[in-house]
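Asks: Dropping a prediction and its sequence here:
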Amino acid sequence: MNIPGYKDAVSSSLYNIGNTLRLRRALEKKNINLAFAGGSVTKGWDGKQYLEKNYTDFVTDFLKDEYPDRNFRVSNLSTESANSFIGLSITDKVIKEADPDIVFIEYAVNNECGHDHIVSYESLVERMLSLPSAPAVVLVFLINKSLYTSQGYMKIIGSHYGLLSVSVADSLKKMLDDGFDWSVYSDDVIHPNTWGHRFIADCVINALKEAGNKTDDTEYVLPDAIYSLDYADYHTYGTDDSHVKKKGFEDISCPEYGEFFNNGVRYTGSNDASVRFEGEFRTLFAAYVHDKTDRFSDADIMIDGEKKGVLQGRSIYGWGNVVLKNVFSFETRGRHSVELKVRDKKKDFILIEFGVS
């Protein structure tokens, strides 16, 4: 592309090449399954619409051209506003079907930098690496207009696990420091336009080429955790699960929340409404809908009869989207009863699912 320093920016985005053996083995297969996990960027949203082609398509097209005798199947495991918590939920539900040989993970603009997000990210990475298909994992780090990125700990995790890591964030920041106009890359504060997706793809493609040239790696050995794998065994309890008992809630289909969160339960206004289940866990999670307006009520989460958390239906960060929250963690794993109670009986509340680890 006709941007000064473009080739250097693409080349410098390669942060860590890691152990390439899994990647090279994956590309030797006749049938290759690709999986892309991330937020709205990886889903292809440009801030106004879904693009006809995004960086996942460009990367896939490159691989098809490079390996014309291979058959590629692509699973996009991304959804709007997703962070690595939501990535764990999606992985639990669909990863067996995706059966990936290569996984690309992108969450740097949606993840926070606190302990929970660090643990969820490492847990997700380790869970992918531990799949029966022994996939190669490629990490992609993005940035927003205000230069926010959570790539710091992601880089450390990527290096610790010996993973191919691509910092689009570092390259973009350097370009911006040199006078590059953000509007060339994005039409809002986060989402790349077509040019931006092409740039991300070129960075990833450059990394794949460099990894393909590294042929001296020994057998990959999964290391011990560097932070924590407390959430690696994340398991979903959907609202349609037989273990989940509902009173004063109706089952709903909500496709506007994406293919991975398209069912839930809605509060119907009953004074004694509740959602209950019993399960064995150390940490409890809940996925629900929140919004910046006051149309949703908060809900209390009771564990073994004691209030342990609040699901905030009204949030300045909400826009009618699904959020997944770590509700409470015990010191050790045990069997517990869980109950959700809506606070404001005159407002709405939509529960999507529970999760445990």
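Replies: Everything's here; your move. Numbers count the residues shown, from 1 in each chain.
Asks: okay but Lys48 is in contact with Asp187, surely?
Replies: Yes - between Lys48 and Asp187 there is a contact at 7.1 Å, judged by C-beta atoms under 8 Å. No exception for glycine: its C-beta is placed from N, CA and C like everyone else's.
Asks: Of those two, which one has the most company?
Replies: A direct count of neighbours by other C-beta atoms under 10 Å for Lys48 and Asp187 places Asp187 higher, at 16 against 10.
Asks: Give me the pLDDT for the nearest residue to Met302 once chain neighbours are set aside.
Replies: Spatially, and ignoring its direct neighbours in sequence, Met302 is nearest to Glu339 (4.3 Å; C-beta to C-beta, 6 or more residues apart in numbering). pLDDT, Glu339: 98.
Asks: can you check Met1 too?
Replies: Reading off the confidence values, Met1 has pLDDT 68.
Asks: and if you look at the one 5 residues further on?
Replies: Tyr6 carries a pLDDT value of 95.
Asks: how near is it to Lys53?
Replies: Note on Tyr6: its distance to Lys53, by C-beta to C-beta, to the nearest Å, is 19 Å.
Asks: What of Met154?
Replies: Counting by C-beta to C-beta, the gap from Met154 to Lys53 is 26 Å.
Asks: So for these two, which sits in the more crowded spot?
Replies: Neighbour comparison, Met154 and Lys53: the larger count goes to Met154, with 30 against 14 (by other C-beta under 10 Å).
Asks: what sits against the more buried one?
Replies: For Met154, the residues meeting the contact criterion (C-beta atoms under 8 Å, 6 or more residues apart in numbering) are Tyr107, Ala108, Asn111, Tyr121, Leu139, Phe141, Ser165.
Asks: One more: Leu176?
Replies: The contact partners of Leu176, by C-beta under 8 Å, 6+ apart, come to Leu147, Trp182.
Asks: Helix or strand: which one has it?
Replies: helix 168-177 (DSSP states H and E).
Asks: Quick check: buried residues in that helix?
Replies: When burial is assessed from 16 or more other C-beta atoms under 10 Å, helix 168-177 yields the following buried residues: Val168, Ala169, Asp170, Ser171, Leu172, Met175.
Asks: can you check stretch 125-138 too?
Replies: Of the residues in stretch 125-138, those with enough neighbours to count as buried (16+ other C-beta under 10 Å) are Val125, Glu126, Arg127, Met128, Leu129, Leu131, Ser133, Pro135, Ala136, Val137, Val138.
Asks: ok now stretch 55-75, how far from the chain's centre?
Replies: On the basis of C-alpha atoms, centre = their mean, to the nearest Å, stretch 55-75 sits 21 Å off its chain's mean C-alpha point.
Asks: I should have written stretch 138-147 there, sorry.
Replies: Centre to centre, stretch against its chain (C-alpha atoms, centre = their mean), the figure for stretch 138-147 is 13 Å.
Asks: coming back round to it: pretty sure the residue nearest to Met302 contacts Ala299?
Replies: No - under the criterion of C-beta under 8 Å, Glu339 makes no contact with Ala299, lying 10.1 Å away.
Asks: Of the two, which one has the most company?
Replies: For Glu339 versus Ala299, the count of surrounding residues by other C-beta under 10 Å is larger for Ala299: 24 against 17.
Asks: any idea which residue of this structure is furthest from its center?
Replies: For the chain, the largest distance from the centre (C-alpha atoms, centre = their mean) belongs to Asn271, which lies 36.0 Å off.
Asks: residue ranges of the strands in the stretch 151-300 of the chain, please?
Replies: 164-167, 235-238, 245-247, 249-253, 263-267, 274-291, 299-303 (DSSP state E, counting those that start in this stretch).
Asks: Have a look at this protein and report its longest strand.
Replies: Among the elements of the chain assigned as strand by DSSP state E, the one spanning the most residues is strand 319-342.
Asks: Figure out how far that strand is from the centre of its chain.
Replies: Once both centres are worked out by C-alpha atoms, centre = their mean, strand 319-342 turns out to sit 19 Å from its chain's centre.
Asks: Show me which residues of it are buried.
Replies: 321-328, 336, 338-342.
Asks: tell me which element the most centrally placed residue in the chain is part of?
Replies: When the chain is reduced to its mean C-alpha position, the nearest residue by C-alpha atoms, centre = their mean turns out to be Gly87, at 3.5 Å. In this structure, Gly87 is located in helix 84-98 according to DSSP H and E.
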